[in-house]
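>>> Provided below are the primary sequence and the corresponding predicted coordinates.
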Amino acid sequence: MKTSKSTFRKALCSVIGCRYEVSKKVTSHITEYRCKTCKCELTTTETGHLDILTPEWKEINKTLAYLYEKRRALQTVA
Ligand SMILES: [Zn+2]
């Protein structure tokens, strides 16, 4: 069953710790990570700390990525 499996994975992570991999590079200093085992997600914040990737952070990162791309495009032209 899907639910019990994810509960098991979460329990496993709480014992051995999460194994994060980069899931998305938002800007040069903001990165999103996903745990290979339990699929939980983290993000680096503008202060450089790691935080749980909530839907709010996802929205913020989406905006940041957009602004970052836009600024980079402008810099390339200039
Ligand atoms: Zn995990």
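Good, I have the coordinates.

>>> and this protein, which residues reach the ion?
13, 18, 35, 37-38 (Cβ under 5 Å from the ion). C-beta: built from backbone N, CA, C; applies to glycine.

>>> narrow the residues you listed to those in helices?
Among the residues of the chain next to the ion, the members falling in helices (DSSP state H) are Cys13.

>>> closest one of the residues of the chain next to the ion to Lys25?
Cys35 (17.2 Å; Cβ to Cβ).

>>> tell me who's in contact with that closest one.
Residues in contact with Cys35 (Cβ atoms under 8 Å, 6 or more residues apart in numbering) are 13, 18-21, 41-42.

>>> recalculate using a threshold of 7 Å.
13, 18-20 (Cβ atoms under 7 Å, 6 or more residues apart in numbering).

>>> over to Arg19?
Shown in contact with Arg19 (Cβ under 7 Å, 6+ apart): 35-37.

>>> by neighbours, which of the contacts of Cys35 wins?
Cys18 (19 neighbours; other Cβ atoms under 10 Å).
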